[in-house]
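Asker: Next one to model:
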Amino acid sequence: MTSIGKMCVALTSVVASVAMNAVVSAAPITVSSYTYGTLQPASNFADSLDGGTELINGDLPASTAYSDTQWVGFLEPSGNSVPQPLVVFDLGASYDLSSVAVTYLHSSTQAGGNITAPEDMLVSVSDDNVTFSSPVSKVGSFDSSSGDAIREAVEDLTGMTGRYVKLDFRNTLPNNAGEKNGEWTFLAEVTFDGTMVPEPSSVILATLGLLGLALCGWHHRK
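Answerer: The predicted structure is shown next:
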């Protein structure tokens, strides 16, 4: 085999490898870390297990009792003023997101019925944790029907891309009894699905490989 032939075989291998890495379906994302906004978890329901990683440690509460240590609880200010629960997740790399799943507690019998499903969740993304996209409301699958239950909301994030994902949980909408003061939000697990955005070096490598293959084709035709 000539040296040009060997080069063409190598280029074919490179392009195939890059293509296989690029064409993957959405998969669970391993979150690197997360931080809370101004409103921190209440001291008696703090994020204290596994080094403060209760939202991503994979462990669900064993019961609907809000005293279960897997719950992270936020007491929202009286009058539904800001701040409210806000969490920024670092995915470790930029991803094309497909969905987010949030495990939360809704209780009609505990804490005077003030443990409620979030009435809204504003989602925004960023690549630098400084400049975020305009928030998008994602609340369609949160269930506030009567009862005590561990529930999961899965929201579509198709079209959102970034390394950092900000989830801003809101309880500001009126209900049949009017606005509630001092509402509680209890969260357990937050997971994301998506596909990693290729590094610029991979894109450059694939481009060079394709140019090389084109050159090989031209040389072969000669």
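
Asker: By residue count, tell me the biggest strand in the chain.
Answerer: The longest strand of the chain (DSSP state E) is strand 86-106.

Asker: tell me the contacts of residue 189?
Answerer: Residue 189 is in contact with 55-60, 101-103, counting by C-beta atoms under 8 Å, 6 or more residues apart in numbering. To be clear about C-beta, it is placed using only N, CA and C from the backbone, and glycine gets the same treatment.

Asker: which residues touch the residue nearest the centre of the chain?
Answerer: Taking C-alpha atoms, centre = their mean, the centroid of the chain lies closest to residue 192, which sits 4.0 Å from it. For residue 192, the contact set (C-beta under 8 Å, 6+ apart) comprises 28-29, 31, 89, 91, 95, 97, 99-101, 157, 165.

Asker: Same check on residue 100?
Answerer: Counting by C-beta under 8 Å, 6+ apart, residue 100 makes contact with 123, 138, 154-155, 157, 165, 167, 190-193.

Asker: Return the subset of those residues lying in strands.
Answerer: 123, 154-155, 165, 167, 190-193.

Asker: could those be laid out in TSV, adding distance to residue 74 and pLDDT?
Answerer: Converted to TSV, the ones in strands among the contacts of residue 100 look like this (distance: C-beta to C-beta, whole Å; pLDDT from 0 to 100):
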residue	distance to residue 74	pLDDT
123	17	98
154	21	97
155	19	97
165	18	98
167	12	98
190	13	98
191	19	98
192	20	98
193	25	98
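
Asker: Kindly indicate the member of those residues with the most neighbours.
Answerer: Taking other C-beta atoms under 10 Å as the neighbour criterion, residue 165 ranks highest of the ones in strands among the contacts of residue 100 with 26 neighbours.

Asker: ok, it to residue 54 distance?
Answerer: 17 Å (C-beta to C-beta, to the nearest Å).

Asker: quick one: low-confidence ranges for the protein?
Answerer: Within the chain, the segments meeting pLDDT under 70 span 1-24, 77-82, 172-181, 199-222.

Asker: on that earlier part again, turn the contacts of residue 100 into TSV, columns for distance to residue 67.
Answerer: Shown next, in TSV, are the contacts of residue 100 (distance: C-beta to C-beta, whole Å):
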residue	distance to residue 67
123	30
138	29
154	26
155	28
157	32
165	29
167	24
190	21
191	24
192	28
193	31
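
Asker: Run through the helices of the chain in chain order.
Answerer: Counting by DSSP state H, the chain has helices at residues 3-22, 200-221.

Asker: which residue packs closest to residue 140, ignoring adjacent ones?
Answerer: Spatial nearest neighbour of residue 140, excluding adjacent residues (C-beta to C-beta, 6 or more residues apart in numbering): residue 155 at 6.7 Å.

Asker: so that neighbour makes contact with residue 99?
Answerer: Yes: using C-beta atoms under 8 Å, residue 155 makes contact with residue 99 at a distance of 6.6 Å.
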